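Asks: can't give you the sequence, but here's the structure:
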DNA sequence: ACCCCGGGCTAATGCGTATTAGTAGCGGAG
DNA sequence: CTCCGCTACTAATACGCATTAGCCCGGGGT
């Protein structure tokens, strides 16, 4: 049975893909010559045009494709870019956050002649090292293990993180300008005439969260918007938004004069979800009674609801920018594109003038 | 000269990582021994426990990590699976058809220790040959060029097509069981009490379309459901559904006693879109006046509308099945999983009993 | 005393490609 | 006719690891 099968395979043709040596044999030249012709002959060794043609023809005929591992081992280039995501692939959560990046990454990579290798972080430990198979790698996800990245970066491996990553010196990154985008949202709320606002954030110290909060604060200072009266301050940090952000809480703030509620976007969308529920539970409606804003995009399952006022993260653009930066590192010349990408304000339908204006 | 060069290399730090040879030196053993200890020694060569310890200690001390490229070169495998999609990656169109497959593919691949290489059909000509860099490849999209695939298959390259593909002998494939799923939808319509039904399909001869039609016909025969009276038959083929499926047409069928309208799903969703518009234009409502069913999932932009009665293609599961089949081919042992994956009936809200029941 | 055996290790080689150091052949300058 | 230099190649080697085929040594059998 097994014999039968393997015989079939042998009979069917060559085992595995053709090597340079086979191309060489067919073209009647040496393996070196094949390598020179197909590798672009950067060292400028003289070659007859006709020889070149023969080699190319033979390669085409056999369907030759270089082995990335061998190429890499010989200290050359693969034309492969890695994409490493740390979030284990969770269809639902991923649907709205991972894929759009990938679209941008893929387009930009294709445009520059690179193919993509997807590494998924499920496996533990040295899994990160796998990426060395590619010429360089993009890392995405909030929780990339610093130790592994440190290692790669120190070894001079070209790596670009999608999302701000300052604490890891030497690691290149591209990120969305959450500070400015968040500030802009608050400015719009102020322009509507709101006087008091709160920000609901999850208990997460990722740069993406702190940046949003910073933008929020900056715009408060700039516009004169205030938080609720009292010492609590305008920012609410909820480890479990569903529990912390209740109808009672919303009503309490509302009675204190808060007319604008802002939530940050996270993987789960928990803050926004809780806010929507609590406002509804409090018998308030947006944008009639209160204005709601989301610093980011709503979770996929709320796609049917009216679009929240807020901003859109240009994920595809970010992915493309990351590829540009990475290929810049590979070429060791370009200064790369600027790391911050602007977000687009989204008017949406959940914010408007406060009641009585 | 050679000395000089190697010194440069050290100075440059381009390769700062320790090799097995260095671990070996530190532990006072040979590189072979290091490889045996760290590689798990599958060949069962006798090794002193103390030697083992020394090697492990040395490896730890130097922070040794194996070079994946070298590893793969030596193993003549690279643990890469290709995914080749022919539809150029168009963010919008792709969002709902390409990505869900990928999710399943990725999970199953990760579970089996494979990484993924993404190829996009955008590049011209011999682009197909690129996939040979992976150990095997998945192909997806209705319009995969037969010639290129033929070539790969004949060479014994492990390839699996996602979607039925019978005409290409020797090509493995996995597909959704559209025949049974479509039949089931019709059975449900019959159970509601409908007596006459039509199927609107686009002018596309892909297996996915003909399978749906076959299921439709089979269930008609089985349940006694009929098409409209006259010679036209129960299936309407519209090259341009927006033009062919009009309000007048719907009203015409309705007056002939047709109470159930079924559309097939295609990339664009044109048939379903046209049907919805025409029914509305005819002043009819579903499921009150007529029942509508969609053989597949609605296009992404109609996600807000009531869920159509129909079935869901288990895309992720299909992707996973494809990976299983492919790894089966690679191992040359497993019989692979069965090629047909069942679809899940979706009750939805567009079908019910016909008026007057 | 000799051989064999098996435990413990290593030298040698292969994987496929890129690069470096040549080598043949030939025409022209000296 | 020698030597040079140029063109058009090729042989050899490195890359880092896995694997195969040994090698050496001590003890037990005969």
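Replies: That came in fine, so what should we check first? The structure presented is a predicted model; accordingly, all values stated were derived computationally and were not measured. Numbering: from 1, shown residues only, chains lettered A, B, ... in the order given.
Asks: Residue A:313: neighbouring residues, count only.
Replies: 24 (other C-beta atoms under 10 Å in any protein chain shown). All C-beta atoms are positioned from the backbone trio N, CA, C, and that covers glycine.
Asks: For it, which residues are in contact?
Replies: A:176, A:265, A:296-297, A:343 (C-beta atoms under 8 Å, 6 or more residues apart in numbering or on different chains).
Asks: any weak-confidence spans in chain A?
Replies: A:1-16, A:87-97, A:121-126, A:142, A:332-337 (pLDDT under 70).
Asks: Can you report how many residues lie near the residue in the stretch 151-300 of chain A that chain B sits nearest to?
Replies: For the stretch 151-300 of chain A, the residue closest to chain B is residue A:155, as judged by C-beta to the nearest C-beta, at 5.2 Å. Neighbour count of residue A:155, defined by other C-beta under 10 Å: 15.
Asks: Give me the phi and psi for it.
Replies: Dihedral angles of residue A:155 (phi, psi; degrees, to the nearest 10) stand at phi -80, psi 0.
Asks: now residue A:117
Replies: The phi/psi pair for residue A:117 (degrees, to the nearest 10) reads phi -110, psi 130.
Asks: outside of stretch A:217-226, which residues touch it?
Replies: A:179, A:182-187, A:189-190, A:194-197, A:227, A:234-235, A:260.
Asks: Could you do stretch A:251-263 as well?
Replies: A:185-186, A:189, A:192, A:194-201, A:216, A:225, A:227-230, A:250, A:271-272, A:274-275, A:279, A:282-284, A:289-295, A:351, A:354-355.
Asks: in it, what counts as buried?
Replies: A:251, A:253-254, A:258-263 (16 or more other C-beta atoms under 10 Å in any protein chain shown).
Asks: so how far does that stretch reach from one end to the other?
Replies: 16 Å (C-alpha to C-alpha, to the nearest Å).
Asks: Cross-check the contact I'm expecting between residue A:295 and residue A:309.
Replies: No. Residue A:295 is not in contact with residue A:309 according to C-beta atoms under 8 Å; the separation is 10.2 Å.
Asks: and for the two, which residues touch both?
Replies: residue A:185.
Asks: Among the two, which residue is more densely surrounded?
Replies: residue A:295 (31 against 25).
Asks: quick one: contacts for the more buried one?
Replies: Per C-beta under 8 Å, 6+ apart, neighbours of residue A:295: A:178, A:181-182, A:185, A:212, A:216, A:262-265, A:310-311.
Asks: now, which of those residues lie within strands?
Replies: Counted as lying in strands by DSSP state E, out of those, are A:262-264, A:310-311.
Asks: Show me which of those is closest to DNA strand D.
Replies: Within the ones in strands among the contacts of residue A:295, distances to DNA strand D taken as C-beta to the nearest atom of the strand reach their minimum at residue A:264, with 43.3 Å.
Asks: Could you list everything the closest one pairs with in the sheet?
Replies: For residue A:264, the beta-bridge partners are residue A:295 (DSSP bridges).
Asks: That one reaches residue A:198, doesn't it?
Replies: No. Applying C-beta under 8 Å, one finds residue A:264 not in contact with residue A:198, separated by 11.8 Å.
Asks: more crowded one of these two?
Replies: Neighbour tally, residue A:264 and residue A:198, criterion other C-beta under 10 Å: the higher count belongs to residue A:264, 27 against 23.
Asks: how near is that one to residue A:307?
Replies: 17 Å (C-beta to C-beta, to the nearest Å).
Asks: Excluding covalently adjacent residues, which one is nearest to residue A:258?
Replies: Nearest non-adjacent residue to residue A:258, counting by C-beta to C-beta, 6 or more residues apart in numbering or on different chains: residue A:196, 4.4 Å away.
Asks: gap between stretch A:170-181 and the chain center?
Replies: Centroid displacement of stretch A:170-181 relative to its chain, using C-alpha atoms, centre = their mean, to the nearest Å, is 11 Å.
Asks: wait, stretch A:108-119
Replies: 14 Å.
Asks: still on that earlier bit, tell me who's in contact with the residue nearest to residue A:258.
Replies: So residue A:196 contacts A:225-229, A:256-260 (C-beta under 8 Å, 6+ apart).
Asks: And these, which is closest to residue A:103?
Replies: Taking C-beta to C-beta as the measure, residue A:103 lies nearest residue A:260 of those, at 33.0 Å.
Asks: Who is that closest one paired with across the strands?
Replies: residue A:197, residue A:291.
Asks: Do a quick rundown of the strands in the stretch 251-357 of chain A.
Replies: Along the stretch 251-357 of chain A, the stretches classed as strands by DSSP state E, counting those that start in this stretch are A:260-264, A:291-295, A:309-312, A:340-341, A:344-346.
Asks: So which of those is nearest residue A:38?
Replies: Nearest to residue A:38, of these and by C-beta to C-beta, is strand A:340-341 at 37.0 Å.
Asks: which residues sit against that closest one?
Replies: By C-beta under 8 Å, 6+ apart, strand A:340-341 touches A:174-177, A:314, A:317-318, A:321.
Asks: which one of those has the most neighbours?
Replies: residue A:174 (27 neighbours).
Asks: My understanding was that residue A:184 contacts residue A:344; is that so?
Replies: No. Counting by C-beta under 8 Å, residue A:184 does not reach residue A:344; the two are 9.7 Å apart.
Asks: Quickly list what's touching both of those two.
Replies: By C-beta under 8 Å, 6+ apart, the residues touching both residue A:184 and residue A:344 are residue A:311.
Asks: So for the two, which sits in the more crowded spot?
Replies: residue A:184 (19 against 11).
Asks: Let me see the contact set for the more buried one.
Replies: Here residue A:184 is in contact with A:215, A:219, A:311, A:345 (criterion: C-beta under 8 Å, 6+ apart).
Asks: who does the nearest residue to residue A:244 once chain neighbours are set aside bridge with?
Replies: Among residues not flanking residue A:244 along the chain, residue A:238 sits closest, at 3.6 Å (C-beta to C-beta, 6+ apart). Applying DSSP bridges to residue A:238 yields these beta-bridge partners: residue A:202.
Asks: Tell me how many other residues surround residue A:238.
Replies: The number of residues near residue A:238, taken as other C-beta under 10 Å, comes to 19.
Asks: Ok, the one 10 residues further on next?
Replies: For residue A:248, the number of neighbouring residues by other C-beta under 10 Å comes to 11.
Asks: quick check: domain ranges of chain A?
Replies: A:2-74, A:80-176+A:316-341, A:178-313 (automatic domain parsing).
Asks: Dump those to TSV, plus distance to residue B:61.
Replies: Shown next, in TSV, are those (distance: least, C-beta to C-beta, whole Å):
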stretch	distance to residue B:61
domain A:2-74	25
domain A:80-176+A:316-341	15
domain A:178-313	34
